[in-house]
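Q: Show me the folded form of this:
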Amino acid sequence: MAKLHFKYGAMNSGKSDSLIKTAYNYTEQGLNIATIKPSVDTKGEHFIVARGGAKRKVDILANPQTNLQTEVKKYIKNNHHDKLACVLIDEAQFLTKKQIDQLFSVAKNDNISVIAYGLRTDFRSKLFPGSTRLIELADNIEKIPTMCHCGAQAEFSCRKQGDKYVFEGALVAIDGEQAITYDSLCGLCYMKEKGKL
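A: Next up is the predicted model:
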C-alpha cells in the first residue's frame, strides 16, 4: 500500500531541492512521476525552483478548486503512463484541506506514493491549513533541518520587509516580491525578534 509522506522544514531547509533530487532519482530508474505546485506560489511560474538554482517543470499547477486526484488521473492518461510511481508536491502548505484528502486518496485508493514538501507554520507561527491536514493524515512525517544564524536548529520561518522582521500581515507573500524575504530562526532568536515590537 502506498503512503502519504509530509516532509516539512523552515525556510532555507532545502525542501524544493530535495523534491527535485527525488524526482531525478525516480526518473533515472525509469519510473514515472508527476509534480504538483499550488498556483499561489508564483515564484518560478511553471517551475519548482530551489534556492541553489536547480529547477524542474511543474506537471500540475493547482488552484484551490483543483481536484488533485482527478488531475493525477488525467495526467496519467494524457501522458500514456500505465502508472505513476510517485506524486511530488512543492509548497504543500498552500493546498486546501480538501486537496490533502484527495492526495491521501491517491495514496490509498490509487496506490501511488505521495511526498508532500512544505512549511509547517506560517510567519506568525500558526499552522497552515494544508499542513494541519497533512499532520493529521500522513503515514510518515519528517522534519528537514536547517540552521538559524546563531548556529542553533531553526524552527520558525520569519518574514522580513526590508531589514525588519514582521509578525502580522497577509498570509501569503512570496519570497523576493515587494521587498519580502524570509529567515529561519531558532525559538530563542524568534522570541528576541518578536520582543522588539
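Q: which secondary structure elements does the host helix or strand of F6 contact?
A: Using DSSP states H and E, F6 sits in strand 4-8. If you count contacts as 3 or more CB pairs under 8 Å, 6 or more residues apart in numbering; DSSP states H and E, strand 4-8 packs onto helix 15-28, helix 97-108, strand 113-118, helix 129-137, strand 140-143. For the C-beta atoms, the positions are set from N, CA and C on the backbone; glycine is no exception.
Q: which residues touch that strand?
A: 15, 18, 92, 103-104, 107-108, 113-120, 131, 134-135, 137-144 (CB atoms under 8 Å, 6 or more residues apart in numbering).
Q: just the buried members of these?
A: 15, 18, 92, 103-104, 107-108, 113-120, 131, 134, 137-138 (16 or more other CB atoms under 10 Å).
Q: R133: neighbour count?
A: Around R133 there are 23 other residues, counting by other CB atoms under 10 Å.
Q: Please name the residues that touch it.
A: Neighbour list for R133: K97, I100, D101 [criterion: CB under 8 Å, 6+ apart].
Q: run the last query once more with 6 Å
A: R133 makes contacts with K97, I100, as judged by CB atoms under 6 Å, 6 or more residues apart in numbering.
Q: Repeat that for R56.
A: Counted by CB under 6 Å, 6+ apart, R56 has contacts I20, A23, I48.
Q: Just the pLDDT at the second one, thanks.
A: When you say that, I think you mean A23. According to the prediction, A23 has pLDDT 96.
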